[in-house]
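A.B. asks: sequence first, then the predicted structure:
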Amino acid sequence: MSGDTNVDFYESSPEFVRVWADSRLTISSALWQGCPDLDLDRAQEQKLNLMADLADFKPGGKVLDIGCGYGGLLTFAVDERKVGHALGITTSASQAGHVKSLGNPAVEVSDCDFWDLPVETAGFDSVVAVQSLEHVLAGAPADCGSDPKAMREMLRRIHAWTVPGGRFAAEVCVAGPAETRDDLHEQLDAEVLRNSRQAIMPRLGDLLNAGSGLWEPVSIVTQHEDMLRTLEAAGSRLSEREQEARAIGGDRLYQATCETVRGTTAAVRGGIMRIAWISWKRID
Ligand SMILES: C[S@@+](CC[C@H](N)C(=O)[O-])C[C@H]1O[C@@H](n2cnc3c(N)ncnc32)[C@H](O)[C@@H]1O
């Protein structure tokens, strides 16, 4: 273990991410549906279809993607689901730069923190957040107070940004189902969070409660198998293409990415973390 590996995983260049991720550069769970011969690209496309369905993407509609990564979902929304306009926000300059370089006229990206997006921003038919609410919660301004208050304020803002009847879909790393295990939390802190942004894994019940009166849950699925298989695919690519990955990203980023895969896998296997796919409808 090297003690000096401390890089910002989210500022990885697209060329480096392409070595270990799918062709859309997705850094979240794929949807494998138990199919043994599916490849990572197809499994990530299935997940995009799932998010589009959960958020009820409409042809000609407006979509906001909170924590849009390298823009795979934005491009998919416009090209495959024919939405009229897709805005992504991310706190990573590398990710925002990549989305801009794709040059899709119906896709807009802003290098903007969730908490800095103007409250007056409005008019979205659908909002999605894929493995980003954890970071948004950790970065809540002090005046949002304790976690339940931050969750409520986060969901209140998203409510204000949507149209009446609007939909919100999220993929969230939630705590459980096992009890807290200090050793696995320490491993998460040491191997994952120091290489990305701070994050809070909410309890599923707390998140749903925080939306009370604002968001009606339409469907909730939790899983760990799809996440584990996605991590396994990333881990295999990283070891099969180690030389190439080190040449593109450097030794520190290569090691940090391997640690992220390893620490997240241990957390999921140990039952302290699972994935929730949640679909909400706005209460008006
Ligand atoms: C795990 S990545 C997921 C990226 C993308 N949704 C995907 O599935 O590939 C988390 C994303 O959240 C973004 N993020 C973290 N904190 C944020 C904040 N406070 N406001 C907006 N985006 C944030 C990161 O820059 C990154 O794009």
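C.D. replies: Received, thanks. Numbering: from 1, shown residues only.
A.B. asks: quick check: buried residues in stretch 105-119?
C.D. replies: Val107, Val109, Asp111, Cys112, Phe114, Leu117 (16 or more other CB atoms under 10 Å). No exception for glycine: its C-beta is placed from N, CA and C like everyone else's.
A.B. asks: so the last one touches Leu87, yeah?
C.D. replies: No. Between Leu117 and Leu87 there is no contact, the gap being 9.3 Å when judged by CB atoms under 8 Å.
A.B. asks: sorry, back to before: let's have the buried residues of stretch 105-119 in JSON lines, adding distance to Glu186 and secondary structure.
C.D. replies: Putting the buried residues of stretch 105-119 into JSON lines (distance: CB to CB, whole Å; DSSP: H, G, I helix; E, B strand; the rest coil) gives the following:
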{"residue": "Val107", "distance to Glu186": "39", "secondary structure": "strand"}
{"residue": "Val109", "distance to Glu186": "35", "secondary structure": "strand"}
{"residue": "Asp111", "distance to Glu186": "32", "secondary structure": "coil"}
{"residue": "Cys112", "distance to Glu186": "32", "secondary structure": "coil"}
{"residue": "Phe114", "distance to Glu186": "28", "secondary structure": "helix"}
{"residue": "Leu117", "distance to Glu186": "33", "secondary structure": "coil"}
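A.B. asks: and which of those is nearest to the ligand?
C.D. replies: Phe114 (3.6 Å; CB to the nearest ligand atom).
A.B. asks: per-residue confidence at that closest one?
C.D. replies: According to the prediction, Phe114 has pLDDT 97.
A.B. asks: what about stretch 220-238, near the ligand?
C.D. replies: No. Stretch 220-238 lies out of reach of the ligand by CB under 6 Å from any ligand atom, never closer than 10.5 Å.
A.B. asks: sorry, back to before: what's the most distant pair in the buried residues of stretch 105-119?
C.D. replies: By the measure CB to CB, Val107 and Phe114 form the most distant pair in the buried residues of stretch 105-119, at 18.5 Å.
A.B. asks: any idea which helix or strand carries the residue nearest to Ser29 when sequence neighbours are not counted?
C.D. replies: Leaving out its chain neighbours, the residue that sits closest to Ser29 by CB to CB, 6 or more residues apart in numbering is Met227, at 4.4 Å. Met227 is located in helix 225-240, with elements delineated by DSSP states H and E.
A.B. asks: helix or strand for Thr31, just tell me which one.
C.D. replies: Let me fix one detail, which is that residue 31 is Leu and not Thr. Here Leu31 is assigned to no helix or strand, by DSSP H and E.
A.B. asks: against Cys173, how distant is it?
C.D. replies: Per CB to CB, to the nearest Å, Leu31 is found 16 Å from Cys173.
A.B. asks: quick one: mean pLDDT for the one helix or strand Ile278 maps to?
C.D. replies: In this assignment (DSSP H and E), Ile278 forms part of strand 273-282. On average, the pLDDT along strand 273-282 is 97.
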